[in-house]
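In: need a structure here:
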Amino acid sequence: SVSKMVRRLLKGFNSTIFAYGQTSSGKTHTMMGELQDDHLEGITPRLIRSLFSLIEKGKERGNTFLITLSYLEIYNEKVYDLLTRQRKRGIQARESLQIRQKGNGYHGRSANACIY
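Out: Numbering: from 1, shown residues only. Now for the predicted structure:
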């Protein structure tokens, strides 16, 4: 469950949430939901709220935290960094991240993301 994942994040474990499915199957709704309605929020806003609530409790005990986040989309075998806004000719355009195998893992870099 996501609540277990949040507690493990604060212990230093990396985590991934992966939504997979056909076009129009509800991935975005599952991840984001309706942001104006607490009962219809998706996984992402609930996770962020829970994470920062636990961080506040940890700060009260003198702990410090460093958070890095990637928000990626894989579409037609291309990987897009959803946290980067790039504009071309007045419209939002996205460029695929260049993913390369490096050692035992994969490495990709964009303006805001580094995947290891």
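In: CA atoms for contacts and neighbours, from now on please.
Out: Fine.
In: Just the mean pLDDT for the helix or strand containing Lys57, thanks.
Out: Here Lys57 sits within helix 43-60, counting by DSSP states H and E. For helix 43-60, mean pLDDT rounds to 89.
In: which outside residues touch that helix?
Out: Val2, Ser3, Val6, Arg7, Leu10, Thr30, Met31, Met32, Gly33, Leu35, Thr64, Phe65 (C-alpha atoms under 8 Å, 6 or more residues apart in numbering).
In: Out of those, which end up buried?
Out: When these are checked for burial by 16 or more other C-alpha atoms under 10 Å, the buried set is Val6, Leu10, Met31, Met32, Gly33.
In: and the closest residue to Met32 other than its chain neighbours, what are its phi and psi?
Out: Using C-alpha to C-alpha, 6 or more residues apart in numbering and skipping residues adjacent in sequence, the residue nearest Met32 is Gly42, 4.2 Å away. Backbone torsions for Gly42, taken as degrees, to the nearest 10, come to phi -90, psi -170.
In: quick one, strands of the chain?
Out: 72-75, 78-81, 86-88, 91-93, 98-102, 105-109, 114-115 (DSSP state E).
In: strands paired with the first one, and their directions?
Out: It stands for strand 72-75. strand 78-81 (antiparallel) (DSSP bridges).
In: hang on, the earlier thing: show me the contacts for the residue nearest to Met32.
Out: Here Gly42 is in contact with His29, Thr30, Met31, Met32, Gly33, Glu34, Leu35 (C-alpha under 8 Å, 6+ apart).
In: What is the nearest of the buried ones among the contacts of helix 43-60 to Tyr71?
Out: Closest approach between the buried ones among the contacts of helix 43-60 and Tyr71, by C-alpha to C-alpha: Met31, at 11.0 Å.
In: confidence score at that closest one?
Out: 89.
In: I appreciate the help and will end here.
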